[in-house]
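> Sequence below, structure please.
(3 chains)
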Amino acid sequence: MPTRDPKVLVNEVSVTFESHGRSVMALDRISLQAQAGEFLCIVGPSGSGKSTLLRVLAGLLRQSAGEVHIQADHPGTPLTAMVFQEHALLPWRTVRDNITFGLENRGVGRAEREARAREMLVMVGLARFAQHYPHQLSGGMKQRVGIARALASDPEVLLMDEPLAALDAQTRTIMQEELLRIWAGLGKTVVYVTHSLEEALLLGDRVALLTARPGRVREIYPVDLGRPRGLEVRGSPAYGALLEKIWSRLREEVVRAIEDDRGPDPEKLGA
Amino acid sequence: MKALGRWLAEHGITIGSPLALLVVWEWASATGLLRAVFFPRPSTIGAHLRDLALDGTLWAHTATTLTRIGWSFTLAAVLGVVIGLAMGLWRRLREGLDPVFAVIYPIPSVLFLPLVNFLVPAGEIALVVTTAVTSFFLIAFTTTHGVRQIDRLVVEAALHYGARGWRLFAAVLLPGALPFIFTGLRLGLGFCLIVVVAVEIVSASQGLGALLWLSWQVLKVEDMYATFFVIALLGALLSYGLAALRARLVPWVPDVGAR
Amino acid sequence: MAVVVPAAVLVLWEICARLAIISPRYFPAPTTVGWVLADRFAAGDLGTELLVTLTRLAFAFALAAVPAIPLGLLMGIARPVRNFVEPYLAFIFPVPKITLLPFLMIILGVGEPAFVLTGASSAFFQIVISTLAGVQTMDPRLLDVGRNYGAHGPRLFWKVILPATLPAIFTGLRLGLGLALVTLVAVEFIAAKSGLGHLVFRHWQMLSTPEMYAAFALVGALGLVLTRGLRALQARVLTWQEDIGV
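Numbering: from 1, shown residues only, chains lettered A, B, ... in the order given. Coordinates of the predicted model:
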């Protein structure tokens, strides 16, 4: 039971796309909320509209129905900042200039931008690469720049769209640790989309499970694994139990999504 | 020492081959194996080149050609980039102008000389405008392509982080298109050289192209070769000079690659 | 939009010429040009000149493509060959090929061979460079796959290298054809006594502007058909290539 106004409120949001003359409903009356300082993870099969939901929150997409509300407690800071799955850095700017891009657009002064950039670079461990160009960095490093850019923006809510999906498993694990550490220090509200249930349970306070297309909220699970949290939590029985419970539901949705893609069984049609 | 040795091995053929060719040519021409009328000795060509340079003719003609290139390139570049950007940003404009471009672009620039002459009094202006035409289309076309090929995701991220209007243009669209714009400018400059020389052949009395043609008409073969050499030098300077500049101005592109 | 704008331009031109807002002497109405075009075609002489230009183009293209492709491939495969040829390529490439015309005319006389060879030179360098680039930018893993699955030497060449380079070769041929046409028409304009380029020149000198524009339009149409046509052909033949680009 929420005791105060939620930081993020999604109320009966639907999104329908027009494609090749046909309508595709990506999200169907989604309702969920996140409290201030909460780390909310969203999981679901491919096509469940997870990224679409995030884009609506980011203001990159207009919903077809329903409303979205983000509580603005600090005027002058942007409502959201998104970390994109494929980093989406500006290739012609250095790492530092990429990080301060949002600040520049808001007219923040040079001195403050430099200070903020320095802070971020240290936080994500890229202090030595401030003057490098994106093409000189590895995938993991680029993603860290993306995270730094979002953090530097000092948004009300941090949005992350499968930020670690494009990384190899080892880098990914390291980055998960980093994220936990950074977030613990900042206490931001985060909405985090991921394919990986393991990752969602590792990082999140709550996990929202979406159905196969059209995406609806199937269920929202609280994650009571304690804070501060480290990688070792993956060995705890509570984690294992949660994983099993949610995975069986998620699996159903995944299978349903695959069958939707595959289409009706031609053999069964004949019979 | 080893590094020098390796460098020589790598570049030895590249440098040695043309040098060897010159030597063979000199010998063949001197001994009559190659008819001196068609292939005069490099040494003679060199002498003529020196004479032309000394008595000022070479500079006068070169200066004329360079001036024409300068004017036509500026005209083509400014108009080309501006209109190219506009076409990149506004689909309607692009769709409307595309067929016009497609028809005009494959036409050799010299052919525009009559048209331009109808509009503008014959002389320098006509020459400059004619040269600018094809270059303009080339630059506009590559500029448009440069804008269009910017990663949609990057533009979206920029919008998300608050870039709008002028800022979006100056901080995102323009730099994003810059590598292509630069390539277009480089090609455009090369084209200006080509067309200026061609038009000079047709209708000018001054300029390297005119010099080449005049030398041909009076069959001063050595002068022809000398002029050709200067034109080649100019071409190389313009083409490779700009390429070097690009590395400086567009440092975020990992590998230039293109010709 | 793609149809509206050119149509609007033509209509505007027509009106201006008829009303003598622009001088019909220098800018005859499109309909006049159209009539002359049809007329001359029917009479056969426009068709003849078109054929002349096309024949020269065909020869120039063949003369360029046949040596250029193997040379490009060889340069891509064998480093020594590349080192040997590169200085000449680099030197000639930025030079306006039209400047080769006077030299060729001295050696071969003022006639078809000189014209055709000049046109061929434009295409030649383009095709070599495109082919070379094709070999160099080939995905090196394809070579690994080839060798791993038993293709060596000639077989590696025919089954892996050549198909992988085919898109680049095709693009080079396409660009080369366009360049050859441009150079040829320019040559005709300057030095020939036949062909579309010469027609433009002749009618310019005689100020028979409708005929001049007719020839002009024909050159434009020819260029358009060749470039667009080849691009469509490339997309059709090389179905595995995703993006043709320019």
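> When you work out contacts or count neighbours from here on, use the C-alpha atoms and nothing else.
OK.
> which residues in the stretch 101-250 of chain A form strands?
Using DSSP state E, counting those that start in this stretch, the strands of the stretch 101-250 of chain A run over residues A:157-161, A:189-193, A:206-210, A:217-222.
> list the buried ones in the second one?
Applying a neighbour-count criterion of 16 or more other CA atoms under 10 Å in any protein chain shown, one finds A:189-193 buried in strand A:189-193.
> follow-up on the earlier one: what's the closest of the strands of the stretch 101-250 of chain A to residue A:118?
Closest to residue A:118 of the strands of the stretch 101-250 of chain A is strand A:157-161 (CA to CA; 19.8 Å).
> and that closest one, is it in reach of chain B?
No: counting by CA under 8 Å from any CA of the partner chain, no contacts exist between strand A:157-161 and chain B, the nearest distance being 11.5 Å.
> Send me that strand as CSV with only the CA atoms.
Output in CSV follows, covering the C-alpha atoms of strand A:157-161 (Å, rounded to 0.1, in the frame of the first residue of the first chain):
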residue,chain,number,x,y,z
VAL,A,157,13.8,9.0,-12.8
LEU,A,158,16.5,6.9,-14.4
LEU,A,159,15.3,4.7,-17.3
MET,A,160,17.4,1.8,-18.5
ASP,A,161,16.6,-0.2,-21.6
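> What average pLDDT does stretch C:140-149 get?
The average pLDDT within stretch C:140-149 is 81.
> I'd like the distance from that stretch to the chain centre, please.
Here stretch C:140-149 is found 35 Å from its chain centre; the criterion is CA atoms, centre = their mean, to the nearest Å.
> chain center to the lengthiest helix in chain C: distance?
In chain C, with assignment by DSSP state H, the single longest helix is helix C:45-77. Centre-to-centre, helix C:45-77 and its host chain are 9 Å apart (CA atoms, centre = their mean).
> list the helices and strands it packs on?
With contacts taken as 3 or more CA pairs under 8 Å, 6 or more residues apart in numbering or on different chains; DSSP states H and E, helix C:45-77 sits against helix C:30-43, helix C:79-92, helix C:112-136, helix C:162-191, helix C:196-205.
> Put the alpha carbons of the shortest one into PDB.
So the one you mean is helix C:196-205. Output of helix C:196-205 as PDB, limited to C-alpha atoms (Å, rounded to 0.1, in the frame of the first residue of the first chain):
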ATOM      1  CA  LEU C 196      25.200  13.400 -79.500                       C
ATOM      2  CA  GLY C 197      27.900  15.600 -78.000                       C
ATOM      3  CA  HIS C 198      28.900  16.900 -81.300                       C
ATOM      4  CA  LEU C 199      25.200  17.500 -82.200                       C
ATOM      5  CA  VAL C 200      24.900  19.800 -79.200                       C
ATOM      6  CA  PHE C 201      28.000  21.600 -80.300                       C
ATOM      7  CA  ARG C 202      27.000  22.000 -83.900                       C
ATOM      8  CA  HIS C 203      23.500  23.200 -83.100                       C
ATOM      9  CA  TRP C 204      24.900  25.600 -80.600                       C
ATOM     10  CA  GLN C 205      27.200  27.100 -83.200                       C
END
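> May I see the buried residues of the helix or strand just after it?
In the C-terminal direction, the helix or strand that comes right after helix C:196-205 (DSSP states H and E) is helix C:209-237. Within helix C:209-237, the residues that count as buried by 16+ other CA under 10 Å are C:209-224, C:226-227, C:230-231, C:234-235.
> before we move on, what about stretch B:74-86?
Applying 16+ other CA under 10 Å to stretch B:74-86 flags B:74-77, B:79-86 as buried.
> same question, stretch B:50-59
Here stretch B:50-59 shows B:52, B:57-58 as buried, counting by 16+ other CA under 10 Å.
> Throw those into a markdown table and include distance to residue B:16, thanks.
As requested, these are exported to a markdown table (distance: CA to CA, whole Å):
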| residue | distance to residue B:16 |
| --- | --- |
| B:52 | 28 |
| B:57 | 32 |
| B:58 | 29 |
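> how much space is there between residue A:32 and residue A:191?
Per CA to CA, to the nearest Å, residue A:32 is found 11 Å from residue A:191.
> do the same with residue B:146
35 Å.
> Same question for residue A:149.
Applying CA to CA to residue A:149 and residue A:191 gives a distance of 16 Å.
> The buried residues of stretch B:74-86 in helices, which ones?
Among the buried residues of stretch B:74-86, the members falling in helices (DSSP H) are B:74-77, B:79-86.
> In a markdown table, list those residues along with distance to chain A.
Converted to a markdown table, these look like this (distance: CA to the nearest CA, whole Å):
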| residue | distance to chain A |
| --- | --- |
| B:74 | 26 |
| B:75 | 27 |
| B:76 | 26 |
| B:77 | 22 |
| B:79 | 25 |
| B:80 | 22 |
| B:81 | 19 |
| B:82 | 21 |
| B:83 | 23 |
| B:84 | 20 |
| B:85 | 18 |
| B:86 | 21 |
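> Taking those together, which two end up most distant?
Greatest spacing in those, by CA to CA: B:74 and B:86 (18.1 Å).
> one step back: out of the buried residues of stretch B:50-59, which one sits closest to residue B:166?
Of all the buried residues of stretch B:50-59, residue B:58 has the smallest distance to residue B:166: 47.5 Å, by CA to CA.
> Spit out the contact partners of residue B:141.
For residue B:141, the contacting residues are B:80, B:84, B:184, by CA atoms under 8 Å, 6 or more residues apart in numbering or on different chains.
> in what helix or strand does it lie?
Element membership of residue B:141, judged by DSSP H and E, is helix B:124-148.
> Low-confidence ranges, chain C, go.
Within chain C, the ranges that satisfy pLDDT under 70 run C:1-2, C:239-246.
> Which other helices and strands does the worst-scoring helix or strand of chain B on mean pLDDT contact?
When each helix and strand of chain B is scored by mean pLDDT, DSSP states H and E, helix B:2-30 comes last, with a mean of 78. Helix B:2-30 sits against helix B:42-54, helix C:79-92, with contacts defined as 3+ CA pairs under 8 Å, 6+ apart.
> list the buried ones in that helix?
B:13-14, B:17-18, B:25-26, B:28-30.
> ok so residue A:30 is a strand residue?
Yes: secondary structure assignment (DSSP: H, G, I helix; E, B strand; the rest coil) places residue A:30 inside a strand.
> which residues does it contact?
A:10-14, A:215-217.
> Quick check: phi and psi on the closest residue to chain A within chain C?
Chain A sits closest to residue C:137 of chain C, with a gap of 18.7 Å, by CA to the nearest CA. Torsion angles at residue C:137 (phi, psi; degrees, to the nearest 10) stand at phi -100, psi 10.
> which of the helices and strands packed on helix C:45-77 sits most buried?
helix C:112-136 (a mean of 25; mean count of other CA atoms under 10 Å in any protein chain shown).
> helix or strand right after that helix?
On the C-terminal side of helix C:112-136, the closest following helix or strand by DSSP H and E is helix C:140-148.
> which strands and helices sit next to that next one?
On a contact count with 3+ CA pairs under 8 Å, 6+ apart, helix C:140-148 meets helix C:153-156.
> contacting residues around the helix it packs on?
Defining contact as CA under 8 Å, 6+ apart, one finds that helix C:153-156 is touched by C:143, C:146-147.
> Give the buried residues for it.
Along helix C:153-156, these residues count as buried under the neighbour rule (16+ other CA under 10 Å): residue C:156.
> Spatially central residue in chain B, please.
Nearest to the centroid of the C-alpha atoms of chain B, with distances taken as CA atoms, centre = their mean, sits residue B:190, at 0.8 Å.
> Likewise for chain C?
When CA atoms, centre = their mean is applied to chain C, the residue found nearest the centroid is residue C:178 (1.8 Å).
> thought that residue was touching residue C:227?
Yes: Residue C:178 is within contact range of residue C:227, at 6.7 Å (criterion: CA atoms under 8 Å).
> Now find how far off-centre stretch A:104-111 is within its chain.
26 Å.
> isn't there a strand covering residue B:118?
No: counting by three-state DSSP, residue B:118 falls outside a strand, being helix.
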